[in-house]
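# Prediction below, plus the sequence it came from.
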Amino acid sequence: MIALGCEFNLTFTKLMQTTHEMGIHPYILGGGTNVLAPDEGLRGVVIVTKDALIGLRLLDERQISAMSGMTLAKTAMFAAQDNLSGLEFAHGIPGTVGGAVYMNAGAYGGEIKDVAVKTEFMRLDGTIDVYEGGAQGFAYRSSAFQGLEGVILRTEFELTPSTEKEVRNKIKELADRRRASQPLELPSAGSTFKRPKTGYAAAMIDEAGLKGLRVGGAAVSEKHAGFIVNLGGATAADVLALVKLVQARVLDHSGVLLEPEIRLWKHED
């Protein structure tokens with residue numbers, strides 16, 4: 001894996017251009033918190049942005065700029081310290097800004113689309129494009145960047161003036177709700193399935209009687225059916241097999257085919 005310097009510079013640009021010229025499609029990894037990589041490993045280049053493409057800046061009384069490798073928790077706290085509200089929902093999502101923008105992450109009524117106003121994106125040939133407003137193409141767990149090859153560099157967020165105390169109180173309230181309802185004590189890749197067009201994935205899994213269902217070390221959480229957790233020694237194959245089993249059982253029970261929210265990387269010979 002290649003960790004990038006604190007500033008994207010000529011070296012990074014050259015890295016992207018070189019992989020492009022060699023016909024190599026690099027895997028871009030932020031925090032890796034919703035990615036399932038194959039047990040066999042990957043053949044290719046993995047570029048890790050977390051704690052590498054980093055930096056936060058206050059632009060004016062309403063906007064902040066965040067590099068893609070910054071964690072959402074640090075970004076939300078930076079906003080709080082500047083008396084800005086709007087990223088409280090993101091504080092408990094254990095990922096990076098780039099990953100959150102890429103998938104339009106959301107929780108507790110908030111989504112990245114509500115606050116992201118501009119994103120810089122580097123293509124594989126090293127050119128940088130700027131996407132503003134609707135050009136970012138946000139939809140449920142989707143964005144325009146999912147159809148592009150390259151890496152998100154930086155995003156600007158427009159937030160709402162508040163007070164640090166109010167923002168921190170909201171962050172704590174949401175953190176308490178997460179601890180009460182989600183299996184944070186066990187490893188997982190987060191919410192396993194996207195919300196279907198009607199109803200909720202967790203409810204459908206629960207109604208199908210699948211809480212506690214296991215394949216190897218992977219299990220449907222007893223606490224929240226929307227999570228597949230690692231009880232110890234789970235392999236990627238275990239998780240993938242359980243994902244498919246849950247899909248089949250829910251389809252049989254409710255007629256709905258659940259779509260994975262976790263990103264499934266595949267081994268290529």
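Great, that's in hand. Numbers count the residues shown, from 1 in each chain.

# Contacts for stretch 116-126, please.
8, 12-14, 16-17, 19-20, 25-26, 63, 101, 128-133, 136, 138, 145, 148-158 (Cβ atoms under 8 Å, 6 or more residues apart in numbering). Using the backbone N, CA and C atoms, a C-beta is placed for each residue, glycine as well.

# From those, which land in strands?
In strands, judged by DSSP state E, the following of the contacts of stretch 116-126 are found: 63, 128-132, 150-158.

# Please identify which of these is nearest to Lys165.
Using Cβ to Cβ, Phe157 comes nearest to Lys165 of the ones in strands among the contacts of stretch 116-126, at 20.3 Å.

# who's in contact with the nearest residue to that closest one once chain neighbours are set aside?
Computed as Cβ to Cβ, 6 or more residues apart in numbering, the closest residue to Phe157 that is not its neighbour in sequence is Val115, at 4.6 Å. By Cβ under 8 Å, 6+ apart, the contact set of Val115 is Gly86, Leu87, Phe157, Glu158, Leu159.

# what's the distance between Val115 and Pro94?
Distance of Val115 to Pro94, given as Cβ to Cβ, to the nearest Å: 19 Å.

# Could you do His253 as well?
Between His253 and Pro94 the computed distance is 31 Å (Cβ to Cβ).

# again, but for Leu213
Leu213 sits 24 Å away from Pro94, going by Cβ to Cβ.

# same deal with Arg154?
21 Å.

# and what of Leu56?
In terms of Cβ to Cβ, Leu56 sits 18 Å off from Pro94.

# Same question for Gly126.
Distance of Gly126 to Pro94, computed by Cβ to Cβ: 30 Å.

# Tell me which stretches of the stretch 51-200 of the chain form strands.
56-58, 63-67, 84-85, 106-107, 110-111, 116-123, 128-132, 150-158, 160-161, 188-191 (DSSP state E, counting those that start in this stretch).

# Mind putting those into CSV with mean neighbour count?
Below are those laid out as CSV (neighbours: other Cβ atoms under 10 Å):
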stretch, mean neighbour count
strand 56-58, 14
strand 63-67, 22
strand 84-85, 22
strand 106-107, 19
strand 110-111, 18
strand 116-123, 20
strand 128-132, 14
strand 150-158, 22
strand 160-161, 12
strand 188-191, 21
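
# For these, could you give me CSV that also reports mean pLDDT and distance to Leu242?
As requested, the strands of the stretch 51-200 of the chain are exported to CSV (pLDDT from 0 to 100; distance: least, Cβ to Cβ, whole Å):
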stretch, mean pLDDT, distance to Leu242
strand 56-58, 96, 38
strand 63-67, 97, 34
strand 84-85, 98, 38
strand 106-107, 94, 23
strand 110-111, 96, 27
strand 116-123, 96, 33
strand 128-132, 96, 36
strand 150-158, 96, 30
strand 160-161, 98, 41
strand 188-191, 92, 12
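
# For Gly30, find the nearest of these.
Closest to Gly30 of the strands of the stretch 51-200 of the chain, according to Cβ to Cβ: strand 150-158, at 8.7 Å.

# Output the contacting helices and strands for the closest one.
strand 63-67, helix 97-103, strand 116-123 (3 or more Cβ pairs under 8 Å, 6 or more residues apart in numbering; DSSP states H and E).

# Contacts for stretch 241-261, please.
Residues from elsewhere that reach stretch 241-261 (Cβ under 8 Å, 6+ apart): 34, 141, 190-194, 196, 198-199, 201, 204-205, 207-208, 210, 213-216, 218-220, 228, 262.

# so where is this protein shaky, pLDDT-wise?
For the chain, the stretches with pLDDT under 70 are 1-11, 267-269.

# which residues of it fall in helices?
Applying DSSP state H to the chain gives helices spanning 10-21, 72-81, 97-103, 164-181, 201-207, 236-254.

# Can you convert those helices into CSV and add a column each for mean neighbour count and distance to Asp39?
Output for these, formatted as CSV (neighbours: other Cβ atoms under 10 Å; distance: least, Cβ to Cβ, whole Å):
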stretch, mean neighbour count, distance to Asp39
helix 10-21, 15, 24
helix 72-81, 21, 28
helix 97-103, 28, 22
helix 164-181, 15, 29
helix 201-207, 19, 24
helix 236-254, 17, 5
